[in-house]
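Asker: sequence-free structure coming up:
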């Protein structure tokens, strides 16, 4: 049976973009001792591992970075084993993989990928807790970072982390060959924020049932293809996008797993806390040495600068997101809180994740699914992010990925 899986691979890649910190191919063992031994071997070309004291803050930061990229690597490996082609309009989807002659499609591959990634991210979170608040500094050779996408144990074309970084506009044109970045105390919070963002997103996707939706749509498409040629969709550029949206709509039906939605909410709140902590620490730095994400008085090892106005504007964005996650401000819905309606009504997003009932898109749009969470109170708007985007030359989303 021929299954077209190009559209659903985006469900994975829409979640994860590569965050360059410290890994060098090969997913580590789930056993912590073996994992540390593997890290020492794989990081030999990235850091001077012999200078790292076991149990030190540098050590735990490296292990946090190692496990974070191991999660990303695992996602990419699962994608490679299911579909090796290009995924347009998806973060990281433009990375071209070599053709995999041994593709074996499994409708559970999204669930498999995200579950495996969460295992690595949990270990990353644990390691970073041991590095938090402790003074350290370590040089990382970004040019030596790579992900073993095809699981063959060798560094092949297109597996460099720099390949992904160079796709971001703020890093285009930067000379990254042999580039070394000096990570220090504040960066432990930056990475921890990223770990919680990735974990929360994975939990949210796994709270629904992607496997059944993928199986239903792909098997149905395969049956159509057996009957004859499928015509291009008249209203969408690529007909396979019809399958993508069908999978999403089916997966959202019904009541999600509350344990996972609550875990997602907890991760997102922790993401904001760590990000605020990072900016507090980084703004206190007085050195200027190959910074990953600089304060206004420092320079990035990559070249992009961060102005005081950008940093302050980002704090406003974090504050607005935090208010939504805490239920202090409400989200708009087209049937409430709009012109001609009561403008003080909105959706309590925090309560929605704490006690979700039905994510069916029709009920969400019509309003039935959000009715239990409608409250009266201040309404969140996008003014802080619009201002941040203006300060970054209209690249607010890309800088948000960097700032996290």
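Answerer: Yep, it's here. Owing to the predicted nature of the structure, the values given are computational and were not obtained by experimental measurement.
Asker: going by C-alpha atoms from here, please, whenever you check contacts or count neighbours.
Answerer: OK.
Asker: for the chain, give me the ranges with low pLDDT.
Answerer: For the chain, the stretches with pLDDT under 70 are 1-44, 83-97, 163-178, 232-239, 337-343.
Asker: what segments of it are helices?
Answerer: With helices called from DSSP state H, the chain shows them at 6-13, 32-42, 57-82, 109-131, 161-165, 185-206, 210-227, 240-251, 258-283, 308-325, 349-354, 361-366, 383-391, 396-403.
Asker: go through the fourth one and flag the buried ones.
Answerer: Same thing as helix 109-131. Neighbour counts over helix 109-131 (16 or more other Cα atoms under 10 Å) mark 109-125, 127-131 as buried.
Asker: and what of stretch 378-395?
Answerer: Of the residues in stretch 378-395, 379-380, 384-385, 387-389, 391-392 count as buried by neighbour count, 16+ other Cα under 10 Å.
Asker: ok, stretch 308-315 next?
Answerer: Buried-residue list, stretch 308-315, by 16+ other Cα under 10 Å: 310-311, 313-315.
Asker: residues in contact with that stretch?
Answerer: With Cα atoms under 8 Å, 6 or more residues apart in numbering as the test, stretch 308-315 has contacts from 276, 295-296, 384-385, 387-388, 391-392.
Asker: do the same with stretch 272-283
Answerer: Outside stretch 272-283, the residues within contact range by Cα under 8 Å, 6+ apart are 185-190, 192-193, 294-296, 315, 318, 321-322, 404.
Asker: show me the contacts for residue 344.
Answerer: Counting by Cα under 8 Å, 6+ apart, residue 344 makes contact with 337, 376-379.
Asker: just give me the closest of these to residue 46.
Answerer: residue 379 (46.9 Å; Cα to Cα).
Asker: residue 301 touches residue 183, doesn't it?
Answerer: No - with contact defined as Cα atoms under 8 Å, residue 301 does not reach residue 183; the gap is 10.6 Å.
Asker: how does the chain divide into domains?
Answerer: With domains defined by automatic domain parsing, the chain comprises 6-251, 282-307+316-403.
Asker: what's the neighbour count on the nearest residue to residue 114 once chain neighbours are set aside?
Answerer: Spatial nearest neighbour of residue 114, excluding adjacent residues (Cα to Cα, 6 or more residues apart in numbering): residue 202 at 5.8 Å. Residues contacting residue 202 under the criterion other Cα atoms under 10 Å number 25.
Asker: now do residue 368
Answerer: Quick note: residue 368 (other Cα under 10 Å) scores 12 neighbours.
Asker: could you measure from it over to residue 136?
Answerer: With the distance defined as Cα to Cα, to the nearest Å, residue 368 ends up 52 Å from residue 136.
Asker: isn't the residue nearest to residue 114 up against residue 121?
Answerer: No - checked against Cα under 8 Å, the pair residue 202 and residue 121 is beyond contact range at 10.2 Å.
Asker: for residue 179, what are its contacts?
Answerer: So residue 179 contacts 141-143, 301 (Cα under 8 Å, 6+ apart).
Asker: most widely separated two among those residues?
Answerer: Most distant of the contacts of residue 179, by Cα to Cα, are 143 and 301, 12.2 Å apart.
Asker: now the contacts of stretch 308-315 in CSV, with distance to residue 157?
Answerer: Putting these into CSV (distance: Cα to Cα, whole Å) gives the following:
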residue, distance to residue 157
276, 37
295, 34
296, 36
384, 40
385, 37
387, 39
388, 36
391, 36
392, 32
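Asker: between those residues, which is closest to residue 56?
Answerer: Closest to residue 56, out of all of the contacts of stretch 308-315 and judged by Cα to Cα, is residue 276, at 24.0 Å.
Asker: residue 156 - nearest residue in space that isn't next to it in sequence?
Answerer: Excluding its sequence neighbours, the residue lying closest to residue 156 (Cα to Cα, 6+ apart) is residue 148, at 8.0 Å.
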